[in-house]
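Visitor: Dropping a prediction and its sequence here:
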Amino acid sequence: MGASYPTKILLAFRSGGICAFPGCAKPLVYTAIVGDDTAVGEAAHIAGEKPAAARYDATMTDAQRDHVDNLIYMCEGDHTVIDKVPADWPTANLLALKATHEEKASAAIAEAFSDVAFPELQHAVAWVSSQPPATVSGPNFDLLPPEEKIKKNDLSNGSRHTIAAGLSSRTTVADFVAAETQLDPDFPDKLKSGFLAEYFRLRHQGHKGNELFELMCAFSQRGLKSQGDRTAGLAVLIYLFEICDVFEK
């Protein structure tokens, strides 16, 4: 069956868009000449997808094989290596490699929040200029505080850590939004409507909780390559997490 598209998006986000193979660290985003940039990494199965595949485990279900926990993000060449030479890359080694790589990607995000500034934020929300104005409801003074949203949606400690780190940039993001509003009065509504449209689209598809949050994180980073720009995208999402009615229902 193979991993679903949302699962591949989750994997790419958790991996920081970088190949997990030791010594590779290749950014796996193709810079498009026309249209949006494209993620080109591969969701490599740790325990093989089919009986003849490397590291196949007959005790697993198809859903378990295609789950993000059984996938590691790699470039095409390194994906081939781990499958062609499985003796060098047993399941335990790949699970340990995946954990280390994803922990490093998460740590890099947390560290980069302190450096978020206007230039990175401008890159992260460049798409807003082409976002059509939309009618967005006024401030909702009954919004849940972030901690209650985290509990209500049963978000993981990893998501909690990302949100807590991102909230440290709230003042910078708020100042940036205020500055942009001086140039374009519709900017706040465009920004909110763009994120809310994606949020409700994902909810309609059945995503919820931690998966929904991470897919929104990936959305906030789409087309962004540098760690600074990617973290700025997250900072904007987390700013909206606090002030908008996402994760309320």
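Guide: Good, I have the coordinates.

Visitor: alpha carbons only for contacts and neighbour counts from here, please
Guide: Fine.

Visitor: Which helix or strand lies directly C-terminal to the longest helix anywhere in the chain?
Guide: Longest helix in the chain, counting residues (DSSP state H): helix 91-112. Next helix or strand after helix 91-112 toward the C-terminus (DSSP states H and E): helix 118-124.

Visitor: Identify the residues contacting that next one?
Guide: 172-173, 176, 220-221, 224, 228-230, 232-233, 236 (C-alpha atoms under 8 Å, 6 or more residues apart in numbering).

Visitor: can you rerun that using 7 Å?
Guide: 176, 224, 228-230, 232-233 (C-alpha atoms under 7 Å, 6 or more residues apart in numbering).

Visitor: after that helix comes which helix or strand?
Guide: Next along from helix 118-124, by DSSP H and E: helix 146-152.

Visitor: The following helix or strand past that following helix: which residues count as buried?
Guide: Sequence-wise, the next helix or strand downstream of helix 146-152 (DSSP H and E) is helix 157-167. Of all the residues in helix 157-167, those buried under the rule 16 or more other C-alpha atoms under 10 Å are 159-160, 162-163, 165-167.

Visitor: so which helix or strand takes in the residue most central in space within the chain?
Guide: With distances taken as C-alpha atoms, centre = their mean, residue 218 lies nearest the centre of the chain, 2.7 Å away. Residue 218 is part of helix 209-220, with elements assigned from DSSP H and E.

Visitor: Give me the mean pLDDT for the helix or strand just after that helix.
Guide: Remark: after helix 209-220, the chain's next helix or strand is helix 227-243, criterion DSSP H and E. Averaging pLDDT along helix 227-243 gives 91.

Visitor: how distant is helix 227-243 from the center of its chain?
Guide: Computed by C-alpha atoms, centre = their mean, to the nearest Å, the separation of helix 227-243 from the middle of its chain amounts to 11 Å.

Visitor: which other helices and strands contact it?
Guide: helix 91-112, helix 118-124, helix 157-167, helix 170-183, helix 209-220 (3 or more C-alpha pairs under 7 Å, 6 or more residues apart in numbering; DSSP states H and E).

Visitor: Relative to residue 243, which of those helices is closest?
Guide: helix 170-183 (10.3 Å; C-alpha to C-alpha).

Visitor: What are the contacting residues of the closest one?
Guide: The contact list for helix 170-183 (C-alpha under 7 Å, 6+ apart) reads 117-118, 187-188, 236, 239.
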